[in-house]
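S.K.: attaching a predicted model along with its sequence, questions to come.
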Amino acid sequence: MDEKCGVVGVSLDDRAAAQPIYYALYALQHRGQESAGIVTHDGFQQHSHVEMGLVGDAFSEDDIAELNGPNGIGHVRYPTAGSVDSSCAQPFSVSFKSGSLGLSHNGNLVNASALRDELAGLGHAFTSDGDTEVIAHDLARNLLDDDLVAAVERTMGKIHGSYSLAVMHDDRVLGLRDPQGNRPLCLGELEDGYVLASESAAIDALDGELIRDVKPGELVVLEPDGAGYESHRLVEPDHTARCFFEHVYFARPDSTIDGELVYEARRELGRQLWAESGIDTDVVMPVPDSGRAFASGYAEAANEGDGSVEFAEGLMKNRYVGRTFIMPTQDERERAVRLKLNPIKSTVEGKTVTLIDDSIVRGTTSTQLVELLRDTGAAEVHLRIGSPAIVAPCYMGIDMASREELLAADRSTEEVRETIGADSLAYISHEAIADALDTPREDLCMGCVTGEYPYDIAGEATDREVSRPTIDGNRASAGD
Ligand code: SF4
């Protein structure tokens, strides 16, 4: 399975692409810490450097200097619990009869195994178990007969699921966003070329200008000399299925996704949280850093009425401890919370506290923080959450937890409250998400909070009419 990742593609006039890609990957490091890679093309051949680890550790100055050429793509990959597999590190690069290909993928296909079986039956040999290689083989095969745009269109007709891709075919860099626009991808302009990136924060890091989001179902082809780009809308869907969780949890607050600054979306969610379930307490306190924007919107809305709540930082974060989200065992996750956050006694002691966070996944962090605040002398601890209860897993690329591990999967809000030990607990409603993101409900994926998905996933319910493309060996696209 592929995980939540970050992708970049760059085409420049006559400057090496590797350095800007390297900086862009730094800006996308939050989207993946397991591996980092860059593949460039100098007009004659591909150059590739892919390593396990963080961007800063994966490349030396010499590595960057050896990645020649003004065109390239990059990737950071999100870790899976317990497994570290270099065969899935990206960009995936390979040479076929139809030329060289490099692929960086963010997302997860739900029909990869059917497509893999079909391609394996036709003699394609695979070196990894990732979806990206399946896409690469199908595209390479189509490139034997078709031009680039037709080949991508044909591959797009066969793959089903979530994907934002930065692809390099010889020295041509392309960006492709799945017809549901599940994962973000945006286009920016640099002084001497163009850039595609998962998030606009990566374009900012290069002093570039965000042009716009790549549209769902759109292929953007960058000119190899950085002079411009072409757009091909290969599929125009009636409805999209944007991942609401990007706005709630995953994306950087300073990124603009689908026209909306993530920080503002989170503040608006905080405001709606107050409107729906506000409670008067002495202090409103964020779980750093994930709850901060929500808490500031919540406190602002609270103080607009006749209330006067204090917005205060009562938990201090040790920035040198990694995300507890990715710790592989329960024991390690529990220890990590204590290592990561320390309470400020004067803000907490004797006070009634509203603690605000973005989500509850396993509940480990929330349980420990409530206990920590009580131990520090809080009179009451009320928990408010900026997303609805997470009741089902994600099949589209966020490796959050299995159904058994999700605290709310088989518990009512009252049961979750009791488990966590808070005096009260409220989540934001499904409706408030659509309102705050200013997006019709039917254009959002909310599979993990409803248990109904916008894709055809074996054994799961759907929230709309969807069907998988047929994998029939006749190379027919879904549109045929
Ligand atoms: S299931 Fe949840 S996390 Fe996964 S794509 Fe849908 S909204 Fe995003």
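M.R.: Nice, I can see it.
S.K.: looking at this structure, which residue reaches furthest from the middle?
M.R.: residue 350 (39.3 Å; Cα atoms, centre = their mean).
S.K.: what residue in the stretch 101-250 of the chain comes nearest to the ligand?
M.R.: Proximity of the stretch 101-250 of the chain to the ligand (Cβ to the nearest ligand atom) peaks at residue 243, 3.2 Å away. Glycine gets a C-beta too; all of them are placed from N, C-alpha and C.
S.K.: and that residue, what does it touch?
M.R.: Contact partners of residue 243, counting by Cβ atoms under 8 Å, 6 or more residues apart in numbering, are 162, 182, 183, 250, 396, 398, 444, 445.
S.K.: distance to the ligand for the residues you listed - can I get that in TSV?
M.R.: Below are those laid out as TSV (distance: Cβ to the nearest ligand atom, whole Å):
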residue	distance to the ligand
162	6
182	6
183	8
250	8
396	4
398	4
444	7
445	3
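S.K.: where's the dip in pLDDT among those residues?
M.R.: Among the contacts of residue 243, residue 398 carries the weakest pLDDT, at 81.
S.K.: number of nearby residues for it?
M.R.: Residue crowding around residue 398 was assessed by other Cβ atoms under 10 Å; the count is 22.
S.K.: leaving out chain neighbours, which residue sits closest to it?
M.R.: Nearest non-adjacent residue to residue 398, counting by Cβ to Cβ, 6 or more residues apart in numbering: residue 4, 5.0 Å away.
S.K.: so how far is the ligand from that neighbour?
M.R.: Applying Cβ to the nearest ligand atom, to the nearest Å, the value for residue 4 to the ligand is 9 Å.
S.K.: thought that residue was touching residue 78?
M.R.: Yes - the criterion here is Cβ atoms under 8 Å, and residue 4 meets it with residue 78 at 4.3 Å.
S.K.: contacts only, for the residue nearest to residue 458 when sequence neighbours are not counted.
M.R.: Excluding the flanking residues, the one nearest residue 458 by Cβ to Cβ, 6+ apart is residue 110, at 8.0 Å. Taking Cβ under 8 Å, 6+ apart, we find residue 110 in contact with 160, 161, 395, 396, 455, 456, 457, 458, 468.
S.K.: dump those residues to a markdown table, plus neighbour count and secondary structure.
M.R.: Formatted as a markdown table, the contacts of residue 110 follow (neighbours: other Cβ atoms under 10 Å; DSSP: H, G, I helix; E, B strand; the rest coil):
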| residue | neighbour count | secondary structure |
| --- | --- | --- |
| 160 | 25 | coil |
| 161 | 22 | strand |
| 395 | 19 | coil |
| 396 | 28 | coil |
| 455 | 26 | coil |
| 456 | 16 | coil |
| 457 | 19 | coil |
| 458 | 8 | coil |
| 468 | 17 | coil |
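S.K.: how's this structure carved up into domains?
M.R.: Per automatic domain parsing, the structural domains of the chain span 5-239, 260-453.
S.K.: now find how far off-centre the last one is within its chain.
M.R.: On the basis of Cα atoms, centre = their mean, to the nearest Å, domain 260-453 sits 19 Å off its chain's mean C-alpha point.
S.K.: residue contacts, the residue in the stretch 251-400 of the chain that the ligand sits nearest to?
M.R.: Closest residue of the stretch 251-400 of the chain to the ligand, Cβ to the nearest ligand atom: residue 394 (3.0 Å). By Cβ under 8 Å, 6+ apart, the contact list for residue 394 reads 245, 400, 447, 448.
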